[in-house]
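Participant: dropping the sequence and predicted coords here.
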Amino acid sequence: MHLSVVVRSRNEADRLRLTLASLQAQTVQPEVLVVNDGSTDHTPAVLAEVVGRLRLGIVTHPFPLGRSRASNAGAACASSEILLFLDGDTLAAPNLVERHLAAHRDFPNLLGRGETYHVRKTRFLKDPESATPQPGHEERLARMKPEERDRLRVTRRQILEDFSSVDRSAEPGVYPGTDPRRLYELEMDALNNHTDCPVLWAAASGSNLSVRRDHFEKVGGFDPDIDINEHRELALRLCQSGDRLRAVSGARTYHLIHRTGWRDPLQDLDWERTFFERHPIAAVKLLSVFWASLSAGDLVPPAARIASLPALAAASRSESPIDYEEIRRQVRAPRVTAREATEL
């Protein structure tokens, strides 16, 4: 059994260089398909650096097609039985491929969710290896002492020779903050302790997600009309067709943070509208209530909070007196226009 890593990347050349170094350092060497999704930076030069060092395939889009189309394009070029999706700003632990392959050997219908960590210290850096600042943060880094600035760096030498130093600088969750960490903990708890939960598809990750290539092709791959939560929509279809989402223990990735915020699925609701059109089930609509329930704010009344994936499953099938439609409107109202709030 072999594995192909599909790496989606757009205008993140300096982080992509580190991602490719982490794939070069794998204990089991994978096929690597990099999808350059309309980059205008020096991504082609970075890819040229690793030709001959990896089993490398390159797919180049002259203009951006989005995450789902980029993922599908890379998968179409893969030759292995197993696909593993990764982002171009995400490091792979040295045993990532080995762990996913072992899990697929044990579970033939596996949809594998790895452990998703982040490296917060890189958030102000354009190039983590040289500690070059992001535009607008030059003064912040100029005020640092040389040794302090040096501690922000993530280098190819560290990745190839001392990966444990990268791991020590990382924290659970795809992004920094209490809410992303809490979501990660709840997702992994469900995957490890509630394996029969009917909404486990909601615990799928956008990166560090593995699937059998023939199963991926059978369901038609990622929905090209969804670019936020496309991984959860894919996972729902795969689970409906017989796959089981499971945690892949020890299969860890590290997001090299490069901004202070993240794409908020409570603000951009195009994904929700399309997702619900494809799957008109209560759990899809209640995802926003679940995520809002993780916040320390008062968007969701205490009695209506959905505090876990099993609780999401219960709320989806319950005839509870709680008016979740009204709560959804309250959750969404500050973030969308009145017209948009009535279109779903």
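Facilitator: Yep, that arrived.

Participant: need the residue closest to the centroid of the chain.
Facilitator: Centroid-nearest residue in the chain, with Cα atoms, centre = their mean: Gly206, separated by 2.7 Å.

Participant: phi first, then psi, for that residue.
Facilitator: phi -70, psi -30 (degrees, to the nearest 10).

Participant: wait, a strand at Pro198?
Facilitator: No: remark: Pro198 does not belong to a strand; assigned using DSSP: H, G, I helix; E, B strand; the rest coil, it is coil.

Participant: relative to Arg244, how far out is it?
Facilitator: The gap separating Pro198 from Arg244 is 12 Å, by Cβ to Cβ, to the nearest Å. From N, CA and C alone the C-beta is placed, and that goes for glycine too.

Participant: distance of Thr178 relative to Ala70?
Facilitator: Counting by Cβ to Cβ - Thr178 and Ala70 are separated by 31 Å.

Participant: same question, Arg182
Facilitator: For Arg182, the distance to Ala70 - Cβ to Cβ - is 29 Å.

Participant: so which of these two has more stuff around it?
Facilitator: Neighbour count, other Cβ atoms under 10 Å: between Arg182 and Ala70, Ala70 has more, with 28 against 17.

Participant: what sits against that one?
Facilitator: Ala70 sits next to Arg8, Arg10, Val35, Asp37, Val59, His61 when contact means Cβ atoms under 8 Å, 6 or more residues apart in numbering.

Participant: residues contacting His215?
Facilitator: Asn109, Leu111, Leu238, Ser241, Asp243.

Participant: any idea which element it lies in?
Facilitator: In the assignment (DSSP states H and E), His215 maps to helix 213-218.

Participant: where does this protein have low pLDDT?
Facilitator: The chain contains residues with pLDDT under 70 at 260-269, 296, 319, 332-344.

Participant: tell me what the longest strand seen in the chain is packed against?
Facilitator: For the chain, the longest strand by residue count, based on DSSP state E, is strand 244-256. Helices and strands touching strand 244-256, by 3 or more Cβ pairs under 8 Å, 6 or more residues apart in numbering; DSSP states H and E, are strand 90-92, helix 96-106, strand 110-119, helix 163-168, helix 178-193, helix 230-240.

Participant: strand partners (parallel or antiparallel) of that strand?
Facilitator: strand 90-92 (antiparallel), strand 110-119 (parallel) (DSSP bridges).

Participant: reformat the ones you listed as TSV; add distance to Met188 and mean neighbour count.
Facilitator: Formatted as TSV, the strands paired with strand 244-256 follow (distance: least, Cβ to Cβ, whole Å; neighbours: other Cβ atoms under 10 Å):
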stretch	distance to Met188	mean neighbour count
strand 90-92	17	29
strand 110-119	7	23
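
Participant: Asp227 is nearest to which of those strands?
Facilitator: Of all the strands paired with strand 244-256, strand 90-92 sits nearest to Asp227, with 17.0 Å by Cβ to Cβ.

Participant: give me the distance from the closest one to the chain's centre.
Facilitator: Relative to its chain's centre, strand 90-92 lies at 11 Å (Cα atoms, centre = their mean, to the nearest Å).

Participant: dump the residue contacts of Asn229.
Facilitator: With Cβ under 8 Å, 6+ apart, Asn229 has these contacts: Pro265, Trp271, Glu272, Phe275, Leu287.

Participant: circling back to that earlier point, in the longest strand of the chain, what counts as buried?
Facilitator: Within strand 244-256, the residues that qualify as buried by neighbour count (16 or more other Cβ atoms under 10 Å) are Arg244, Leu245, Arg246, Ala247, Val248, Ala251, Arg252, Thr253, Tyr254, His255, Leu256.

Participant: can you check stretch 167-174 too?
Facilitator: Ser169, Ala170, Pro172, Gly173, Val174.

Participant: and the last one, its phi and psi?
Facilitator: Okay, so that is Val174. phi -70, psi -30.

Participant: likewise the first one?
Facilitator: When quoted as degrees, to the nearest 10, the phi and psi of Ser169 stand at phi -90, psi 0.

Participant: contacting residues for it?
Facilitator: Contacts here follow Cβ under 8 Å, 6+ apart; on that basis Ser169 touches Val119, Lys121, Val154.

Participant: nearest to Asp225, of these?
Facilitator: Using Cβ to Cβ, these come closest to Asp225 at Val119, 31.7 Å.

Participant: tell me which element the closest residue to Val166 other than its chain neighbours is part of?
Facilitator: Nearest residue to Val166, sequence neighbours excluded (Cβ to Cβ, 6 or more residues apart in numbering): Gln158, at 5.8 Å. Assigning secondary structure by DSSP H and E places Gln158 in helix 156-161.
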